[in-house]
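Asks: Need the 3D shape of this:
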Amino acid sequence: VADHDRVSKILGAQLQESELQAKHTVREALTLYAAFYPHPADWRPLAERLGLTAHLDARSGKLSGVQKQRLFIALALIG
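Replies: Model prediction:
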């Protein structure tokens, strides 16, 4: 990509198969991923829109498959 720096600042990715450490909570994962970016999206509205608010203190290893996919979508949209 000719303009790698510019593209990497605006592009997020959601892989078909992803893995998080099962011990991290949803809140910890969202906060951690936000710290990776200079201008991250606010994860709180993303969590609300994706139905994750009630699961913020749940460990990612305890989430259902659908909840995990929603978390990974939120993580991709943060950056």
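Asks: hey, C-alpha coordinates of stretch 56-69 in CSV?
Replies: In CSV, the C-alpha atoms belonging to stretch 56-69 read as follows (Å, rounded to 0.1, in the frame of the first residue of the first chain):
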residue,chain,number,x,y,z
LEU,A,56,-18.6,-5.3,30.6
ASP,A,57,-17.5,-7.2,33.7
ALA,A,58,-17.8,-10.7,32.2
ARG,A,59,-14.6,-12.5,31.3
SER,A,60,-14.3,-12.9,27.5
GLY,A,61,-13.9,-16.7,28.0
LYS,A,62,-17.4,-16.9,29.5
LEU,A,63,-19.1,-15.1,26.6
SER,A,64,-21.4,-16.8,24.1
GLY,A,65,-20.2,-17.1,20.5
VAL,A,66,-22.5,-14.3,19.4
GLN,A,67,-21.2,-12.1,22.3
LYS,A,68,-17.6,-12.8,21.3
GLN,A,69,-18.3,-11.8,17.7
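Asks: Double-check Leu56 against Val26; I have them as touching.
Replies: Yes: Leu56 is in contact with Val26 according to Cβ atoms under 8 Å; the separation is 5.0 Å. Quick note: C-beta positions are derived from backbone N, CA and C, even for glycine.
Asks: Mind listing the shared neighbours of these two?
Replies: Each of Ala47 lies in contact with both Leu56 and Val26 under the rule Cβ atoms under 8 Å, 6 or more residues apart in numbering.
Asks: So these two - more neighbours on which side?
Replies: When Leu56 and Val26 are compared for neighbours, Val26 comes out ahead with 27 against 16, by other Cβ atoms under 10 Å.
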